[in-house]
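Colleague: please find the sequence and the predicted model below.
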Amino acid sequence: MLENLRIRKKAFFRIAFDIQEYEKNITPDAGFVEKLSERDVDIFTFLDRKWCCPIPNPPSTWIKSEDNVGLLEIKDYDSWWSNVGKKTRNMVRRAAKSGIKINVLQPSEKFAEGVWKIYNETPIRQERAFPHFGESLDTVARNISAAQNSTFIGAFLQEELVGFIQIIHGDSIAVISQILSMQKHWDKAVNNALLAKAVEVCVSNDERWLMYGRIGNHPSLDRFKESNGFVKFPITRYFVPLTWKGRVATRLGVHRDFKDALPQWLKDPLIPVLNWASRNKMRLKLH
């Protein structure tokens, strides 16, 4: 578990989490907690994967926080196709009629170059600064080659990569890590075609659950998820205080990220403001 551990400094304390927490079951036993203490970790956070393996009888010392994931339960492709609705089915058909071809790919220099071009097409996506804008080709290629337990699906217009999706295969879950397409081809419903292929891949792998981030932080993206069959699935996030700093932080309520601590009724009107700030920060950076 320590191999995938990440530690962040927040205010006066250090909080750790496992970057594969959605993909595997995590239960911090005494030996693991001792190793965390050796690394000066004050709080360890992880989630309860309730869709497959709920944690029975969690200790009262674990601090609970309500969270969610965008989750799609897959029975078979035909059931998904029937349930998503006419509009989404027409979007997938539009991609095919526009000449979009969808293929499962192996990592390669050519694929990395295509992803790099997509990353650097525009600094703003979904009304926010795009964090991958400006990445070098070497960085993109290195990250793709280092990806483990992943399937890459590409969308092509003639010979050009115009979109891709990365699926990470975990224990009782498949996770959409990235889904991106060229904005200049937005009218061709590339992402809808990629998502349809992702469902097909999950069916062929006998994977029942497909996860696509959270629902509630991005209205337009949330609508896309819901139109493709994803639902807001409630889960519990646990915080385990390991030191006196950790206990103080949890009592003060500063252990959660600011955006997660806000109630939805307050978060909704703030989203446009945060998007505006994100866009302008990127513009200042570019100038």
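Modeller: Nice, thanks for sending it over.

Colleague: tell me which helix or strand Ile15 sits in.
Modeller: strand 13-18 (DSSP states H and E).

Colleague: got the CA coordinates for that strand in CSV?
Modeller: Provided in CSV are the C-alpha atoms of strand 13-18 (Å, rounded to 0.1, in the frame of the first residue of the first chain):
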residue,chain,number,x,y,z
PHE,A,13,-0.7,18.9,9.2
ARG,A,14,0.2,16.2,6.6
ILE,A,15,-2.5,14.1,5.0
ALA,A,16,-1.9,10.9,3.0
PHE,A,17,-4.0,8.9,0.5
ASP,A,18,-3.6,6.0,-1.9
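
Colleague: got the angle for the very next helix or strand once past that strand vs strand 13-18?
Modeller: Downstream of strand 13-18, the next assigned helix or strand under DSSP H and E is helix 30-38. Angle, helix 30-38 to strand 13-18, by axes from the mean of the first three to the mean of the last three CA atoms, to 10 degrees: 140 degrees.

Colleague: next, the buried residues of helix 30-38.
Modeller: 32, 36 (16 or more other CB atoms under 10 Å). Yep, even glycine has a C-beta here, placed from its N, CA and C like the rest.

Colleague: tell me where this structure has strands.
Modeller: Applying DSSP state E to the chain gives strands spanning 5-10, 13-18, 43-48, 63-73, 100-105, 124-125, 128-129, 150-157, 160-170, 173-181, 209-211, 231-241.

Colleague: adding mean pLDDT, write those strands out as a markdown table.
Modeller: As requested, these are exported to a markdown table (pLDDT from 0 to 100):
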| stretch | mean pLDDT |
| --- | --- |
| strand 5-10 | 94 |
| strand 13-18 | 96 |
| strand 43-48 | 96 |
| strand 63-73 | 95 |
| strand 100-105 | 97 |
| strand 124-125 | 90 |
| strand 128-129 | 90 |
| strand 150-157 | 98 |
| strand 160-170 | 98 |
| strand 173-181 | 97 |
| strand 209-211 | 98 |
| strand 231-241 | 96 |
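
Colleague: and Ile118, which of those is closest to it?
Modeller: Ranking the strands of the chain by proximity to Ile118 (CB to CB) places strand 173-181 first, at 5.4 Å.

Colleague: just checking: what are the partner strands of the strand holding Ile15?
Modeller: Here strand 13-18 is paired, per DSSP bridges, with strand 5-10 (antiparallel), strand 43-48 (parallel).

Colleague: mind putting these into JSON lines with distance to Lys24 and mean neighbour count?
Modeller: Formatted as JSON lines, these follow (distance: least, CB to CB, whole Å; neighbours: other CB atoms under 10 Å):
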{"stretch": "strand 5-10", "distance to Lys24": "13", "mean neighbour count": "12"}
{"stretch": "strand 43-48", "distance to Lys24": "10", "mean neighbour count": "22"}
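
Colleague: which stretches of the protein have low pLDDT?
Modeller: 1 (pLDDT under 70).

Colleague: domain parsing of it, as residue ranges.
Modeller: With domains defined by automatic domain parsing, the chain comprises 2-67+234-286, 75-107+150-207.

Colleague: ranking those domains by burial, who's on top?
Modeller: Per residue and on average, the most neighbours among these fall to domain 75-107+150-207, with a mean of 17 (mean count of other CB atoms under 10 Å).

Colleague: now do it: distance to the chain's middle.
Modeller: Its chain's C-alpha centre lies 16 Å from the corresponding centre of domain 75-107+150-207 when counted by CA atoms, centre = their mean, to the nearest Å.

Colleague: need the contact list for Leu72.
Modeller: Each residue near Leu72 by CB atoms under 8 Å, 6 or more residues apart in numbering is listed here: 80, 199, 209-212, 228-231.

Colleague: ignore what I typed, I meant Lys184.
Modeller: Neighbouring residues of Lys184 by CB under 8 Å, 6+ apart: Glu121.

Colleague: and the residue nearest the centre of the protein?
Modeller: Centroid-nearest residue in the chain: Gly213, 3.9 Å away (criterion: CA atoms, centre = their mean).

Colleague: in contact with it, which residues?
Modeller: Gly213 is in contact with 69-70, 176, 221, 225, counting by CB under 8 Å, 6+ apart.

Colleague: please apply the same query to Leu71.
Modeller: Applying CB under 8 Å, 6+ apart, the residues contacting Leu71 are 51, 209-212, 230-231, 233.

Colleague: distance of it from Val175?
Modeller: 10 Å (CB to CB, to the nearest Å).

Colleague: mutual contacts of these two, please.
Modeller: What both Leu71 and Val175 touch, as defined by CB under 8 Å, 6+ apart, is the set 210-211.
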